[in-house]
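Novice: got a sequence here, can you build the structure:
(chains A and B)
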Number of protein chains: 2
Amino acid sequence: MSHSTTANAVKESRVDVLIIGAGPAGLMCANGLAKAGVNVRIIDKRPEAIPAGQADGIQPRTIEVLQSYGLADRLLQEGNQMHMTAFYNPSSSGGIERTGRAADVTAPTARYPFEVTLHQGAIERIFLDSMAQSGVSVDRPVQPVALELSDDPKQLADPRSYSVKHINTPLNSPPTDENDETEVVWAKYVVGADGAHSWVRKTLGFTMDGEQTDYAWGVVDTIPETNFPDIRNRTAIHSNNGSCMVIPREGDTVRLYVQLSDVELNAGRLDKSKSRAEQVMEVARESFKPFTISFPNPIQWWTVYIIGQRVASNFSAKERVFIAGDACHTHSPKAGQGMNASMNDTHNLVWKLVHVLRGHAHLDLLKTYEDERRKYAQDLINFDKKFSALFSGKPRTEDNADGVSHEEFLEVFQTFGQFTSGIGIHYQESAIVNSSEQQYAKGLIVGQRLVPSIVLRAADCRPYQIQDLAPSDTRFKLIIFCGDLKDASQRKKLDSFAKELDSETGFVKKFTPEGAPFDSVFDILTIGTTKKETCSYTEVPERLRSHWSKVFIDDVSLHHGLGGKTYETYGISSNGAVVVVRPDGYVGMIASLDGSVQHLDAYFSRFLLSDK
Amino acid sequence: MSHSTTANAVKESRVDVLIIGAGPAGLMCANGLAKAGVNVRIIDKRPEAIPAGQADGIQPRTIEVLQSYGLADRLLQEGNQMHMTAFYNPSSSGGIERTGRAADVTAPTARYPFEVTLHQGAIERIFLDSMAQSGVSVDRPVQPVALELSDDPKQLADPRSYSVKHINTPLNSPPTDENDETEVVWAKYVVGADGAHSWVRKTLGFTMDGEQTDYAWGVVDTIPETNFPDIRNRTAIHSNNGSCMVIPREGDTVRLYVQLSDVELNAGRLDKSKSRAEQVMEVARESFKPFTISFPNPIQWWTVYIIGQRVASNFSAKERVFIAGDACHTHSPKAGQGMNASMNDTHNLVWKLVHVLRGHAHLDLLKTYEDERRKYAQDLINFDKKFSALFSGKPRTEDNADGVSHEEFLEVFQTFGQFTSGIGIHYQESAIVNSSEQQYAKGLIVGQRLVPSIVLRAADCRPYQIQDLAPSDTRFKLIIFCGDLKDASQRKKLDSFAKELDSETGFVKKFTPEGAPFDSVFDILTIGTTKKETCSYTEVPERLRSHWSKVFIDDVSLHHGLGGKTYETYGISSNGAVVVVRPDGYVGMIASLDGSVQHLDAYFSRFLLSDK
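Specialist: Below is the predicted model:
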């Protein structure tokens, strides 16, 4: 980014992407763009990164996404894992008793079949450290002052024009004539990731549609002392003394969510006096009976809130200014969705911005951000309403036949497992989601994420998780399932696929910039079914392997019985198939191996641009 | 360590352990001692750490050992993995052809069922970075000048006396009267890890017993260009144009071992002129035919050598000065044993030094170093002789019926798999290896390393590798297999075990220093068989759990089917058992759960000391 000083001493600068807000959505965005080499700047009005508290649950799909950026190892090292959920309900003797236990995650294909809990500050630091490697850090405290979007159609039609004028000022030093630190930032694109009270959203005039609920909750993070055997599981306590959710956290910390009954609002806002934390602990003490819980250690963080369930009217202004995260959706925290939805918003946006900025994609590609993420946010709110109502309801007892039964609660909990885990996110048919040839791989749903599976590298028989072969590196992955190359007909199909792909008019050459490496836009992998004892990576045409490491087989590993089920899991026959994985890890298209180059060409031509 | 200056201006210092030589053996030693908080110093005469080449193969057991120090992750990130071995032999058409492929590692219980290859400099850096966290770095270049071991029996009987006087001098600045940089180091213990030409060994007057062989070999590290399909597997080529071993390495680098036929010795030493590297590549070109291999890239490292197979006459002088690594055993590099044996030498020594220095163990404990490691070195040489002879022999062909057949070679290769992997290392009966109650866990061999297995943590159902519950943290692990605590008789046994253990005369209180935390010498874990749906970690007596995280169950994980086979694998019945794991991860003793506290007491009393 370049800074310059104008005649009237107002600083001016230019940047490709300006991100406002350095929470999880903003940081995912900044890190992804920085790694892709985009000129990015991120500002935040908080003077320092948050040290503790806030959102803390990372869902299975989000762990997969973090892994795709190389960030999961550290998350797993630092975070706590929730594998089990326990349910407690009123017992006949007055207190509570365990009604049952169940897997916390009910999505069978999850690569990481658990949730990770870690305070938001630690999660943010993972991004901050990663961004720092690309030389990007957060400018803070910086206060946004104005945002003006060009209305010149010609300028807006140029994807690389600086169409947004943004003005900001260092916080705590308001501009005066003599000490004017106001800065003008000219940005090609702006991402507003500035939270539930988003300044960007308000400035754009977008509304939040939906309603506030009556459910008031208190949250406390601390290290309790207790004889409760499920204190390290996610535990839902439904008692006649109130409801309580236990969320175990890193180290010995536990988060307690407690429903507050005697809520008074002051002008629509909750009284946040310190006594609220005491109240949360008191409700916990009561609802835990006959188990004991006490609080001898400091409170690390606490808050009270009323659940709001709202979605923004728009996620984008002219595909130049976007909002993401809490700025466009708010919901209850109990299903652990907030931070996950936020990070996945910008994960969805990053690769689209990169391709447009590089001049490789139509501006229209950016429209798919709102299409894909707003629908998801609405689904999320609908789910949240059901879940929150159920969780906030009184338990069913002899005296209260209208209450929520354990069975009812468990059913909803498990039915929505695919949804709450993030694994089931399904992007609808669009320019970038084409399911017309879904039948060639029925186990791999177009619009959903690439299902995890183990394959062996042909050259050295090393097992690889296929998701790790499709990292978030902005490239499209072309996975060629070629069947058995010892079979002459498969051999012929692959040779002819390679030849077509290699033609001057084929999509690979068409959409790869002049002079750029052959694999800079499309990364090509092959996965065959020849056995490990006899396969040779050299059997794959050179055109389809940029390196010996790009050839794989679907066979069982030499030890530990890993792999050998990819074709079966994906529903791919011995005739093979071709799978396009988008840069964000979602399946964009499936095609037959036979004569599919034209279909693939049509798919990519809908949103990619050629410089030829 | 403290430095002081005496009247005659010779620097003097004191240190608990002085290590001479910063190769793999010395660094494993320094890192282990530093992590344990021992006052340690390590010197090396090389001015800088080696950048490339040298030994490069890490065996499965060594990976487990590195993991026990928290160092395996980085090794696995940086290193190449060898999973598969390929065998090539003369074909009827004149060149070579693939006779078969087999798993590179044939030890069924290996946690990491592959070898890691990475140049020695990178492996050393892993240790250097880890040591730096404890504030220890290598003093270099420093040249040892003299070593004097006290002959005062009273002094030698005091484990904390400074019994060794060592003199050294900075290399390249020989002491003069005016510029005397000679230093006197008073050490309690000295470890000589100074390589095959060990100055320490010679100074102590130890001999190397064994003989030089006639096999001369050349080694080249480079990135070749080839159409050979097994270039990324460990490949043994037996051709009529010579033998060649391919060892794939990190990145695209390949190491080639080639047998040299026209060797001339100059005064017992090989001519190491540069032409030797050319000769190696020429032999490779010939033996690879009909495949092509060329060498367009720089040679990263090369050497030629004659295999020596020798073991030192002694590994220790009065249990005050020890030698380790190449200083006490040399052998051929082709089975990838050298660096592994070296690191495992000092891994064996570290915890013994720590306990003696802390005053927790008898001096005699140090005798077990030579007992355990010299026997291993001799076994290694015996194996190496067989393997080298076989590998250096001509292949069996129609013209040469006395040659080595593929079947013969493969049989030896696989028979010795347990041995070459390091998994089968078996320390004999001694003060610290007591197999008298082996029958209570027949699948867990006393004297061998703790067999990997997955267990679930009772409090949160998280799967753990049992080896990770027994890290190299200098503590003895007491693993109590208590069976099903819902069974009244098991419950009773465990309660009575806990009560006995808690008595003032029990070994835990006896051998834990006054005022030290209860788990500072013995880390106690329980593994029950209660199922995950109903277990409660609170059911284990408080005396046996220093923390909620110390209670486990042998059940199958909620997803991915991990675990549930530990009792079966270890051969432990529903009556339970107690397993003592030494601080180096080897099983020291097995006992019944019933009335075993006395047996355990007798075991620990043989080598531990009480301060009471």
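Novice: could you check how far A:G95 is from B:D152?
Specialist: To B:D152, A:G95 is 71 Å away according to Cβ to Cβ, to the nearest Å. Where C-beta positions appear, they are placed from N, C-alpha and C, glycine not excepted.
Novice: tell me which of the two has more neighbours.
Specialist: A:G95 (17 against 10; other Cβ atoms under 10 Å in any protein chain shown).
Novice: that one is in contact with A:P290, isn't it?
Specialist: Yes: the pair A:G95 / A:P290 is scored as a contact, 4.0 Å apart, by Cβ atoms under 8 Å.
Novice: okay, now the domains of chain A?
Specialist: Segmentation of chain A into domains, based on automatic domain parsing, reads A:2-79+A:117-208+A:310-379, A:438-605.
Novice: could those domains go into TSV alongside mean pLDDT and distance to chain B?
Specialist: Conversion of the domains of chain A to TSV gives the following (pLDDT from 0 to 100; distance: least, Cβ to the nearest Cβ, whole Å):
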stretch	mean pLDDT	distance to chain B
domain A:2-79+A:117-208+A:310-379	91	7
domain A:438-605	96	3
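Novice: TSV please, covering those and showing distance to B:A324.
Specialist: As requested, the domains of chain A are arranged in TSV below (distance: least, Cβ to Cβ, whole Å):
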stretch	distance to B:A324
domain A:2-79+A:117-208+A:310-379	32
domain A:438-605	31
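Novice: nearest to B:L485, of these?
Specialist: domain A:2-79+A:117-208+A:310-379 (28.1 Å; Cβ to Cβ).
Novice: for A:A25, helix, strand, or coil?
Specialist: Per DSSP: H, G, I helix; E, B strand; the rest coil, the local secondary structure of A:A25 is helix.
Novice: next, count neighbours for it.
Specialist: 30.
Novice: again with the one 4 residues further on
Specialist: Burial of A:C29 is recorded as 30 neighbouring residues (other Cβ under 10 Å).
Novice: how far away is A:P60 from A:V246?
Specialist: 20 Å.
Novice: verify the stated contact: A:E370 with A:S313.
Specialist: No: using Cβ under 8 Å, A:E370 is not in contact with A:S313, being 10.6 Å away.
Novice: who has more neighbours, these two?
Specialist: A:E370 (19 against 14).
Novice: what is the three-state secondary structure of the more buried one?
Specialist: Here A:E370 is helix, with the state taken from three-state DSSP.
Novice: who's in contact with it?
Specialist: By Cβ atoms under 8 Å, 6 or more residues apart in numbering or on different chains, the contact set of A:E370 is A:314-316, A:322.
Novice: do A:V540 as well
Specialist: A:458, A:482, A:485, A:494, A:526, A:528, A:551.
Novice: doesn't A:W302 belong to a strand?
Specialist: Yes: A:W302 sits within a strand when classified using three-state DSSP.
Novice: which residues does it contact?
Specialist: A:53, A:218-221, A:276-277, A:280.
Novice: taking those residues one by one, which sit in helices?
Specialist: Counting by DSSP state H, the contacts of A:W302 place A:276-277, A:280 in helices.
Novice: closest one of those to chain B?
Specialist: A:V280 (22.4 Å; Cβ to the nearest Cβ).
Novice: would you mind measuring from the closest one to A:T330?
Specialist: For A:V280 relative to A:T330 (Cβ to Cβ), the value is 21 Å.
Novice: also A:I425?
Specialist: Counting by Cβ to Cβ, the gap from A:I425 to A:T330 is 19 Å.
Novice: and A:E211, by the same measure?
Specialist: The gap separating A:E211 from A:T330 is 11 Å, by Cβ to Cβ.
Novice: show me which of the two is the more surrounded one.
Specialist: The neighbour count for A:E211 versus A:T330, taken as other Cβ under 10 Å, is higher for A:T330 (26 against 12).
Novice: A:I123: which element?
Specialist: Using DSSP states H and E, A:I123 maps to helix A:120-133.
Novice: hang on, the earlier thing: quick one: which of the contacts of A:E370 is most hemmed in?
Specialist: A:F322 (30 neighbours).
Novice: strands of the stretch 501-612 of chain A, start to end?
Specialist: A:522-528, A:551-553, A:577-581, A:587-591 (DSSP state E, counting those that start in this stretch).
Novice: I'd say A:E429 and A:G447 touch.
Specialist: Yes: counting by Cβ under 8 Å, A:E429 does reach A:G447; the two are 7.3 Å apart.
Novice: list the residues that contact both of these two?
Specialist: Residues touching both A:E429 and A:G447 by Cβ under 8 Å, 6+ apart: A:S435.
Novice: out of the two, which sits in the busier spot?
Specialist: Ranked by neighbour count (other Cβ under 10 Å), A:E429 and A:G447 place A:G447 first, with 21 against 11.
Novice: return the residues in contact with the residue lying closest to A:L608 once chain neighbours are set aside.
Specialist: Closest residue to A:L608 apart from its sequence neighbours, by Cβ to Cβ, 6 or more residues apart in numbering or on different chains: A:F511 at 4.5 Å. Contacts for A:F511 (Cβ under 8 Å, 6+ apart) come out as A:360, A:521-522, A:604, A:608-610.
Novice: thanks a lot, catch you later.
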